[in-house]
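K.L.:
below: sequence and its predicted model.
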Amino acid sequence: MLALTGCQKGRTYFPKDLKPQELDIVRFDNALMNVHEATVAQDIRVLYDEYPVFMPLWVEDILGIPSADTAYLEQALPEFLNDTLYGFKATNAREQEVFADISDIQIAISQAFTRIQYLYPETEIPTLYLFISGFNAPIYFGDELIGIGADMYLGSDYEYYNRVVYDYQKQTMRKECIPVDVISAFLFRTLPYTSTKSRLLDQMIYRGKVMYLTAQIFDKLPGYEVMGWTKDQWDWCVKNEEAIWHLVMDKRDLFKTESLVLTGYLNDGPFTSEVSQDAPGRLGIWLGWRIAESYMAHNEAVSLQELMAEGDAQKILEESYYKP
């Protein structure tokens, strides 16, 4: 059995002297906190003037209000910022505390995009916005921008999360999860699924490749953090990897295309029912990652770019010699 630990040991994909790109994160969250009921009309005009790209998107996609309907916005925005029923007022106050200093996530994301540009020099680094989502969106994409819903990253123990998410989702609702979430979402968006096949194998290998690439970009992070699992969940999968793989093969699930099978293995959830109630959700992505890792370990001449460009999942599986 090949010893795989979550980050490919022995191969170096990036020079040590890469100079990090300058990266600013626009504090739209702070700007929202400057809206006051007594001066709401004027404050809204300031937001439109200072954030001409993001403000209309935020109003339409987060608040669900036509951006031109400023009269309604003048009524709705103070309610959104000061609501106590859903805990927005308390949440916004906590967000300001948790995100008083964002230098840690700024540095991590900057270093990550520097590595992406090393692999793909044509990559345009998007403008990043930190915003308040009303528990609606952790990561938001617009043209040439990425929004980070800061109120979705206030800590797994934040009390109001009990009202809006399931327990298994809280694991990644931490500030330190933002860099991986941003970069993995960006990679899935810029390196789209291109296979004409819809088998579990193809989806599993594609998503596993993206997670493998993400793990190389964040090569100092343990695998379970990249995966968004606890260490116990990761360790359970490693311990039971052989049994998991034999079960998947015995059921011939790799070549199934039914949506229930695909979502069961690939979508987030409290567990992966196709395998075991002890198996964490998204187990199929983890298996795809392990196969991609084994493929790269057995094919040292293959670059990361070549791995991502290889669309033949069957070839990757066969040439991975994956045998847990």
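P.N.:
Nice, thanks for sending it over. Numbers count the residues shown, from 1 in each chain.
K.L.:
contacts and neighbour counts: CA atoms only from here.
P.N.:
OK.
K.L.:
tally of neighbours for the closest residue to L130 other than its chain neighbours?
P.N.:
Excluding the flanking residues, the one nearest L130 by C-alpha to C-alpha, 6 or more residues apart in numbering is I148, at 4.9 Å. Per other C-alpha atoms under 10 Å, the neighbour tally for I148 reads 25.
K.L.:
which SS state does I148 fall under?
P.N.:
Using DSSP: H, G, I helix; E, B strand; the rest coil, the structure places I148 in strand.
K.L.:
what residues are up against it?
P.N.:
128-131, 137-140, 178, 182 (C-alpha atoms under 8 Å, 6 or more residues apart in numbering).
K.L.:
if you set the cut-off to 6 Å instead, what comes out?
P.N.:
For I148, the contacting residues are 130-131, 138-139, by C-alpha atoms under 6 Å, 6 or more residues apart in numbering.
K.L.:
if I look at it, how far off is L200?
P.N.:
Per C-alpha to C-alpha, to the nearest Å, I148 is found 30 Å from L200.
K.L.:
got it, and E176?
P.N.:
In terms of C-alpha to C-alpha, E176 sits 31 Å off from L200.
K.L.:
ok, the two, which is more surrounded?
P.N.:
In terms of neighbours (other C-alpha under 10 Å), L200 is the more surrounded of E176 and L200; the figures are 23 against 16.
K.L.:
pretty sure Y129 sits in a strand.
P.N.:
Yes: Y129: assigned to a strand according to three-state DSSP.
K.L.:
return the per-residue confidence for T196.
P.N.:
As predicted, T196 sits at a pLDDT of 87.
K.L.:
kindly report the same for the one 4 residues further on.
P.N.:
Residue-level confidence at L200 comes out at 97, pLDDT.
K.L.:
the closest residue to it other than its chain neighbours: neighbour count?
P.N.:
Nearest non-adjacent residue to L200, counting by C-alpha to C-alpha, 6+ apart: L254, 5.1 Å away. Residues lying near L254 (other C-alpha under 10 Å) number 18.
K.L.:
out of the contacts of I148, which one sits closest to N299?
P.N.:
N299 has its nearest neighbour among the contacts of I148 in I139, at 34.3 Å by C-alpha to C-alpha.
K.L.:
specify the beta-bridge partners of that closest one.
P.N.:
I148 (DSSP bridges).
K.L.:
the strands in this protein, which residues?
P.N.:
25-27, 127-131, 139-142, 145-149 (DSSP state E).
K.L.:
how about the CA coordinates for the third one, as PDB?
P.N.:
Extracted C-alpha coordinates of strand 139-142, given in PDB (Å, rounded to 0.1, in the frame of the first residue of the first chain):
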ATOM      1  CA  ILE A 139     -18.400  32.300  -1.400                       C
ATOM      2  CA  TYR A 140     -19.900  34.500  -4.100                       C
ATOM      3  CA  PHE A 141     -18.600  34.900  -7.700                       C
ATOM      4  CA  GLY A 142     -19.100  37.800 -10.000                       C
END
